[in-house]
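Q: model this:
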Amino acid sequence: EPMLEYPGTMRPGRTPENMPYHDLPGMNAEDNDPVPWPHFQEIEWHHKWEPPHPQAPAMEEFIETEGRWATAEDEAEMRMTARRGVRERREAEEAGG
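A: Alright, predicted model coming up:
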């Protein structure tokens, strides 16, 4: 039941939202360190979380392990084929147009 006298569109209700600590589920009097999940969780500011998976290798290392580095000869061949393609396109345009 909302409080109609409250201004705005997000009017709070009249029922309390917070439960008393002893009424939270998961509380056991025999536990020496009870944690009422998921309601309260105290984490120290210096807590270090372990990563969920190993860190990905650096891109250079990945390329090296895959054997994908281009040699000087490969780069020269790529340049020659690129230039040849540009030259052939230019000749085709001049001949056709």
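Q: where do the helices sit along the chain?
A: For the chain, the helices defined by DSSP state H occupy 59-66, 72-96.
Q: redo the ones you listed as CSV? Include mean neighbour count and distance to Pro7.
A: Placement of C-beta: from N, CA and C, glycine included. Converted to CSV, the helices of the chain look like this (neighbours: other C-beta atoms under 10 Å; distance: least, C-beta to C-beta, whole Å):
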stretch, mean neighbour count, distance to Pro7
helix 59-66, 10, 55
helix 72-96, 10, 68
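Q: the ones you listed: which one's closest to Trp45?
A: In terms of C-beta to C-beta, the element of the helices of the chain nearest to Trp45 is helix 59-66, at 33.8 Å.
Q: show me the contact partners of that closest one.
A: Contacts made with helix 59-66 from outside it, assessed by C-beta atoms under 8 Å, 6 or more residues apart in numbering, are listed as 56-57, 69.
Q: on that earlier part again, so for Trp49, which of the helices of the chain sits nearest?
A: helix 59-66 (24.9 Å).
Q: for Trp69, what are its contacts?
A: When contacts are taken as C-beta under 8 Å, 6+ apart, Trp69 is in contact with Ile63.
Q: mean pLDDT added to the helices of the chain, as a markdown table?
A: Rendered in a markdown table, the data for the helices of the chain read as follows (pLDDT from 0 to 100):
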| stretch | mean pLDDT |
| --- | --- |
| helix 59-66 | 92 |
| helix 72-96 | 92 |
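Q: I'm done for today, thanks for sticking with me.
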